[in-house]
Each structure stands twice: as structure tokens, then as C-alpha cells.
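**Student:** quick one: sequence and predicted model below, then my questions.
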Amino acid sequence: MYEEEFLAYGIIYHSKERVDQMDTRRFLSIDKIRATKHNTSYFTLLFNDGRFQVTRVIRE
């Protein structure tokens, strides 16, 4: 974490996990959004047909 994060209204993290040599899984987590109740769990970030979609974590 950076020291300036307390200034931000919201902090969203993106991470990737390698599945095999060709594929990765993308995840989002919302660390903070001021004055808003939000879920702090990780979510799967999907990209299909030029669009992003956020879902609950999908594990195979």
C-alpha cells in the first residue's frame, strides 16, 4: 500500500493468476469506497466479446 491511499475515495485492486501457459484469471477486489457499504471479497473479472463482466469468484 502507498501512503497516499488515505486521500482516495475508492481503491480497487486488480490481480492475475496464471492457470497454464496460455491462460490467466483476473480478479478484482474493492479495498475501500468512502461512505459506501461494499463487499470486500475477491471477484472474477471476465472479458468476452469486447466486454468486461464481474462475477463471484469462479474456481475450476
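**Tutor:** Structure's in. What do you need? If you're wondering where the values come from, they're calculated on a predicted model, not measured in any experiment.
**Student:** specify the beta-bridge partners of the residue nearest the centre of the chain.
**Tutor:** Nearest to the mean C-alpha position of the chain, by Cα atoms, centre = their mean, lies residue 28 at 0.6 Å. Using DSSP bridges, the bridge partners assigned to residue 28 are residue 14, residue 43.
**Student:** would you agree it is in contact with residue 42?
**Tutor:** Yes. Counting by Cβ atoms under 8 Å, residue 42 is a contact partner of residue 28 at 7.1 Å. Quick note: C-beta positions are derived from backbone N, CA and C, even for glycine.
**Student:** how about the residue of the chain most remote from its centre, secondary structure?
**Tutor:** Residue farthest from the centre of the chain, counting by Cα atoms, centre = their mean, is residue 21 at 21.8 Å. With DSSP: H, G, I helix; E, B strand; the rest coil as the basis, residue 21 sits in coil.
**Student:** for it, what are phi and psi?
**Tutor:** phi -60, psi -30 (degrees, to the nearest 10).
**Student:** what's the answer for residue 17, then?
**Tutor:** Reported as degrees, to the nearest 10, the phi and psi values for residue 17 are phi -130, psi 130.
**Student:** roughly how far apart are it and residue 27?
**Tutor:** Going from residue 17 to residue 27 by Cβ to Cβ, to the nearest Å gives 7 Å.
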